[in-house]
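J.: kindly generate the corresponding structure for this input.
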Amino acid sequence: MTAAALLPPLTALRLFTTWRFAPLLLGASATAAAGYTVAARGRPGWPRGRAVAFGAGLVVAVLAGSSFVGVYDDTLFWVRAVQNLLLLMVVPMLLALGAPLTLLAAGVPEDRRPAWRRVLRSRVARVLTGPFAATVLLVAPLMVVYLTPLYAMTLRDGVVSGAVGTGLVACGFVYFWTRLRIDPTPASTPYPVTLVLTIAEMVGDAVLGIVLWLGPAVAAAYYLGLHRGWGPDPHTDQVLGAGVLWIGGDVVGLPFLGVVLWLFSREDARRARATDAEVDAAETPAPASGPESGADAAPAPSRLWWQDDPQLADRFRPRT
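T.: Predicted structure coming up:
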């Protein structure tokens, strides 16, 4: 009998009292926290909100692997769905909000920075972080996990499960890194495009949820082999998991949309201030000097940069 088959029933009390020791996860989280703290202290004025977000991401990762989620992930389909959702969306989003790549880049030795820049500016990096690739990195991983034999392998093999979990975090981080653009990115996706793509990506969550809800049982032999005499039956368990992935994905997407809207408004305000400052500077007359400063001197023709910008030309067209 497997350890999953010997677990006691998951009660409301055990949701809070069931824990397991995961040394690799705890060690990796502690190392990441220590490295981030040292790097942030080396940059005076580093925003505290970023540090809080990064720390929260590590805490959620530990909860996903050490709390009841990590204990019952091989026993209940819906618990594994919660874990995968946390690893693909919640943990990476919080880590990306912490801007860790900015701190990492600041610690790169001077002699290696040109190579770092060449990698980030390469065509391959731009393609891999472009809008289409980022969308694939969010939508495809869970479909691959649940609609292939890989899911059953994660239940039977701890090494495969750990590798898949790490891959989900990596895919999610690249997605939120390129979408949020708090850290510099090789390819820049405008925030309005991000909003449209995010709504489209919610359809992907719905498709997977419907397939798991109405489709055949996933890893049926494994779950029947547990002979679990408590909790939902395998079919109901899978329906619950489908709801977690479908509705949970949309619920997690709402805070992300809020953050994108906030970042978009900040970016638009910065551009407006910069444009207004240049307008004011252009309209300020230069001090008169020299023999050509008389009343008969013809003003030198000039063309302002925003007159050639399709987004700003109409806004600053002279009024008659």
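J.: quick one: average pLDDT of stretch 6-22?
T.: Across stretch 6-22, the average pLDDT comes to 91.
J.: could I have that stretch exported to PDB, CA atoms only?
T.: Output in PDB follows, covering the C-alpha atoms of stretch 6-22 (Å, rounded to 0.1, in the frame of the first residue of the first chain):
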ATOM      1  CA  LEU A   6      -2.700   5.200   4.400                       C
ATOM      2  CA  LEU A   7      -3.600   8.800   5.000                       C
ATOM      3  CA  PRO A   8      -6.500   9.600   7.400                       C
ATOM      4  CA  PRO A   9      -9.600  11.400   6.100                       C
ATOM      5  CA  LEU A  10      -9.100  15.000   5.300                       C
ATOM      6  CA  THR A  11     -11.200  17.000   7.800                       C
ATOM      7  CA  ALA A  12     -11.600  20.700   8.400                       C
ATOM      8  CA  LEU A  13      -9.200  20.500  11.300                       C
ATOM      9  CA  ARG A  14      -6.600  18.700   9.300                       C
ATOM     10  CA  LEU A  15      -6.700  21.500   6.700                       C
ATOM     11  CA  PHE A  16      -4.700  23.500   9.300                       C
ATOM     12  CA  THR A  17      -2.900  20.900  11.300                       C
ATOM     13  CA  THR A  18      -1.500  18.600   8.600                       C
ATOM     14  CA  TRP A  19       2.100  19.300   7.600                       C
ATOM     15  CA  ARG A  20       5.100  17.500   6.100                       C
ATOM     16  CA  PHE A  21       8.800  18.300   6.100                       C
ATOM     17  CA  ALA A  22      10.100  19.000   2.500                       C
END
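J.: buried residues, that stretch. List them.
T.: For stretch 6-22, the neighbour count (16 or more other CB atoms under 10 Å) marks 7, 10, 18, 22 as buried. (Each C-beta comes from the backbone N, C-alpha and C, glycine too.)
J.: same thing with stretch 183-195?
T.: Neighbour-count burial for stretch 183-195, counted by 16+ other CB under 10 Å, picks out 183, 185-187, 189, 191, 194.
J.: now stretch 118-127
T.: The neighbour-count criterion (16+ other CB under 10 Å) identifies no buried residues in stretch 118-127.
J.: re the thing from before, widest-spaced pair of the buried residues of stretch 6-22?
T.: The most widely separated members of the buried residues of stretch 6-22, counting by CB to CB, are 10 and 22 (18.4 Å).
J.: and the buried residues of stretch 183-195, which is closest to residue 76?
T.: Nearest member of the buried residues of stretch 183-195 to residue 76, counting by CB to CB, is residue 194, at 34.1 Å.
J.: which of the helices or strands spans that closest one?
T.: Assigning secondary structure by DSSP states H and E places residue 194 in helix 191-214.
J.: so who does residue 175 touch?
T.: 92, 134-135, 137-138 (CB atoms under 8 Å, 6 or more residues apart in numbering).
J.: closest to residue 249 among these?
T.: Using CB to CB, residue 138 is the member of these that lies nearest residue 249, at 9.3 Å.
J.: now the closest one: how far from residue 170?
T.: 12 Å (CB to CB, to the nearest Å).
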